[in-house]
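# Just to be clear, the model below is a prediction. Sequence and coordinates:
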Amino acid sequence: MAGNAKFILVGSGLAGGLLAAYFGRRGYEVDLYERRADPRAGNFVGGRSINLALSTRGIHALRQLGIADEVMRHAIPMPGRMIHDKAGNLHFAPYDRDPNKHINSIGRAALNSTVIEAAQRYPNVRVMFNHLCTGVDLGRPVAHLVDTEKGQLALEARGDAVIGVDGAFSAVRQSMQKKLDRFVYDESYLAHGYKELTIPPGPDGGWRMEKHALHIWPRKSFMMIALPNPDGSFTCTLFWEFAGPRSFETTKTDDDVRRFFGEEFPDAVPLMPALLTDFRENPTGSLVTIRCAPWSYKDKAALVGDAAHAVVPFYGQGMNAAFEDCVVLDECLAEFPDNRERAFAEYFSRRKENTDALADLAVHNFIEMRDKTASKTFRAKKKLDHLLEGILPGVYLPLYTMISFTRIPYSTAARRARVQDQIVYASLAVVVLVFSLLILRLMIR
Ligand SMILES: Cc1cc2nc3c(=O)[nH]c(=O)nc-3n(C[C@H](O)[C@H](O)[C@H](O)COP(=O)(O)OP(=O)(O)OC[C@H]3O[C@@H](n4cnc5c(N)ncnc54)[C@H](O)[C@@H]3O)c2cc1C
């Protein structure tokens, strides 16, 4: 089987392009179908964040294909968070005790184009744009497609297996849901939505805030963040309640927008000349966590990336995790070259626990970003984390470090962080107790 098995990939988003490159390198025949037009023709319609945070797991996946340097040339390092309080005061909080450790702001369109080009370097990979998948006949397996450029012409694409890399609202997953008895599916939405806004470059073409930072305006129940772009601009994202007394729903007029931003983000307003237009015209996106099981059907179909496990964006890990899926699926196919069903099952068992852990971490990190980053206790805990990491190198690793700067499996990282926290808090309690006893003894004397 191995070498020239034929895969039909549905979706050439971030993970689809990368997976096609991995499969191309392994010698498989790959037909990749994407409903949208070619992003390289300048008509990129991401529908999502314009830029993303790329970190160690994602970089590793790119490095395996020799395209990490190409991608990193366009990246802007962000070694920490720049916290903006309501008075306009700034506080920089590094992500790690090592100032060289950083996450990277990268443009979605550029990254998408790079992975598609990497795939197309293999003559055995073909990419077809403007092809919408309407469902999959899993038994054969065949993907039903519509060529949206040629007057809705219906087509069938047949291969040895169909891989759904078609994002959170995957058509391939829907077909699995219909076909598989006891398919587990769970989707949950946050009460918050998001809207993207822009801080354009300054008059000299430079960045109007610190370039090397992920900016956060934490406001307890909501927040705004901003990531730098190579052209001198920042893409801001407001995460805010859909409904409620102060929310997207109740903010209707330009005056409402002006008042809200003036009260909450006064230092950002003068940097956002198109605020009112952006707010009115840009869509309000929803934030969903999707869990499902299993991720495959026999040796005929499998799910990768958001199609298998969409997470909310607050750990900056959705794409990184999707890239890690590609590495693991490729490894499993190499380990079981003559048993694709086993390879798919193994891929699922190696990833599921980890992406479930990531889903929980991502929701939790929303609370940390929007609420706790502003507090002194939180900053003190971060300092303690970095201190312990220095005193106990290789033994104590802060959770953020494990998630963003290592490839320790997500579930192991989450467990290890819980144990570390218990030990630290217990030790602090002992120290406090000993001090109290000493003071008591001195007083009795
Ligand atoms: C606001 C926001 C900010 C984010 N920030 C980060 C971040 O900083 N770091 C990070 O790692 N992740 C981040 N993410 C998550 C990241 O965007 C996703 O995890 C990532 O895009 C998943 O890649 P994917 O290829 O699985 O899905 P997608 O990128 O969604 O790609 C799916 C592709 O399939 C195509 N498609 C869909 N349906 C069909 C169909 N029926 N037929 C044919 N084609 C189809 C789509 O057009 C698309 O091209 C963020 C997400 C959001 C919403």
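Yes, it's here. Residues are numbered from 1 along each chain as shown.
# For the residue in the stretch 1-150 of the chain that the ligand sits nearest to, grab the count of nearby residues.
Going by CB to the nearest ligand atom, the ligand is nearest to Gly13 of the stretch 1-150 of the chain, at 1.9 Å. Bear in mind the C-beta positions are built from the backbone N, C-alpha and C, glycine included. Neighbour count of Gly13, defined by other CB atoms under 10 Å: 25.
# from memory it sits against Val304, does it?
No: proximity of Gly13 to Val304 does not meet the contact threshold set by CB atoms under 8 Å, at 10.3 Å.
# Now for the two: what residues contact both?
Val165 (CB atoms under 8 Å, 6 or more residues apart in numbering).
# what is the rounded mean pLDDT of whichever strand or helix holds Asp360?
In the assignment (DSSP states H and E), Asp360 maps to helix 340-370. What helix 340-370 shows for mean pLDDT is 96.
# in it, what counts as buried?
Within helix 340-370, the residues scored as buried using 16 or more other CB atoms under 10 Å are 340, 343-348, 350-352, 354-359, 361-363, 365-366, 368-370.
# List the beta-bridge partners for Leu155.
In this entry, Leu155 is beta-bridged to Leu145, by DSSP bridges.
# next structured bit after the helix holding Asp360?
helix 376-391.
# hmm, who's touching that following helix?
For helix 376-391, using CB under 8 Å, 6+ apart, the contacting residues are His91, Ala93, Pro94, Asp96, Arg97, Glu368, Lys372, Tyr396, Leu397, Pro398, Thr401, Val424.
# Now the first one: closest residue in space that isn't a chain neighbour?
Leaving out its chain neighbours, the residue that sits closest to His91 by CB to CB, 6 or more residues apart in numbering is Ile83, at 4.5 Å.
# How much space separates the one you found from Asp137?
As judged by CB to CB, to the nearest Å, Ile83 and Asp137 stand 52 Å apart.
# The two: who's more crowded?
Ile83 (20 against 15).
# Isn't that one up against Pro218?
Yes: using CB under 8 Å, Ile83 is in contact with Pro218, at 6.5 Å.
# so what sits against both of these two?
Between them, Ile83 and Pro218 share the contacting residues Thr373, Ala374, judged by CB under 8 Å, 6+ apart.
# Can you tell me which residues in the stretch 301-445 of the chain are near the ligand?
Gly305, Asp306, Ala307, Pro313, Gly316, Gln317, Gly318, Met319, Asn320, Ala322 (CB under 6 Å from any ligand atom).
# and which of those residues is nearest to Leu180?
Ala307 (14.6 Å; CB to CB).
# That closest one reaches Ser175, doesn't it?
No: between Ala307 and Ser175 there is no contact under CB under 8 Å: 11.2 Å.
# more neighbours, the two?
When Ala307 and Ser175 are compared for neighbours, Ala307 comes out ahead with 31 against 24, by other CB under 10 Å.
# Please report phi then psi for the more buried one.
Note on Ala307: backbone dihedrals following degrees, to the nearest 10 are phi -60, psi -30.
# Quick check: the gap between the nearest residue to it once chain neighbours are set aside and the ligand.
Distance criterion CB to CB, 6+ apart; nearest residue to Ala307, sequence neighbours excluded, is Ser170 at 3.6 Å. Distance, Ser170 to the ligand, by CB to the nearest ligand atom, to the nearest Å: 7 Å.
# Show me which helix runs longest in this structure.
Determined from DSSP state H, the single longest helix within the chain is helix 410-444.
# that older thread, can you pull the contacts of the residue of the stretch 1-150 of the chain closest to the ligand?
Gly13 sits in contact with Glu34, Asn112, Val165, Asp166, Gly167, Gly305, Asp306, where contact means CB under 8 Å, 6+ apart.
# try Val136
Here Val136 is in contact with Val10, Val142, Ala143, His144, Val162, Gly164, Ala171, Val172, Ser175, Met176, Ala301 (CB under 8 Å, 6+ apart).
# how does it look with 6 Å?
Shown in contact with Val136 (CB atoms under 6 Å, 6 or more residues apart in numbering): Ala143, Val162, Val172, Ser175.
# Isn't the third one up against Val10?
Yes: counting by CB atoms under 6 Å, Val10 is a contact partner of Val172 at 5.4 Å.
# about what we covered before: may I see the residues of the stretch 301-445 of the chain next to the ligand organised as a markdown table, with secondary structure and pLDDT added?
Putting those into a markdown table (DSSP: H, G, I helix; E, B strand; the rest coil; pLDDT from 0 to 100) gives the following:
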| residue | secondary structure | pLDDT |
| --- | --- | --- |
| Gly305 | coil | 98 |
| Asp306 | helix | 98 |
| Ala307 | helix | 98 |
| Pro313 | helix | 97 |
| Gly316 | coil | 97 |
| Gln317 | coil | 98 |
| Gly318 | helix | 98 |
| Met319 | helix | 98 |
| Asn320 | helix | 98 |
| Ala322 | helix | 98 |
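# State the pair within those residues that is farthest apart.
Ala307 and Gly316, at 19.5 Å, using CB to CB across those.
# Can you tell me the SS state at Trp217?
Per DSSP: H, G, I helix; E, B strand; the rest coil, the local secondary structure of Trp217 is strand.
# Name all residues that make contact with it.
His84, Met223, Met224, Phe265.
# And Ile103, by the same measure?
Contacts of Ile103 (CB under 6 Å, 6+ apart): Ala53, Ser55, Met78, Ser404.
# Contacts only, for the residue nearest to His91.
His91, Ile216, Thr373 are the contacts of Ile83 under CB under 6 Å, 6+ apart.
# With distance to Asp69 as extra columns, can I get the contacts of Val136 in a markdown table?
Formatted as a markdown table, the contacts of Val136 follow (distance: CB to CB, whole Å):
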| residue | distance to Asp69 |
| --- | --- |
| Ala143 | 34 |
| Val162 | 33 |
| Val172 | 32 |
| Ser175 | 38 |
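# Helix 340-370 and the top strand by length along the chain, what's the angle between them?
Counting by DSSP state E, the longest strand found in the chain is strand 184-199. For strand 184-199 against helix 340-370, the angle by axes from the mean of the first three to the mean of the last three CA atoms, to 10 degrees is 50 degrees.
# Just the buried positions in strand 184-199, please.
Leu190, His192, Gly193, Tyr194, Lys195, Glu196, Leu197, Thr198, Ile199.
# for these, which one is nearest the ligand?
Tyr194 (5.2 Å).
# Hmm, the closest one is touching Pro283, no?
No: between Tyr194 and Pro283 there is no contact, the gap being 9.4 Å when judged by CB under 6 Å.
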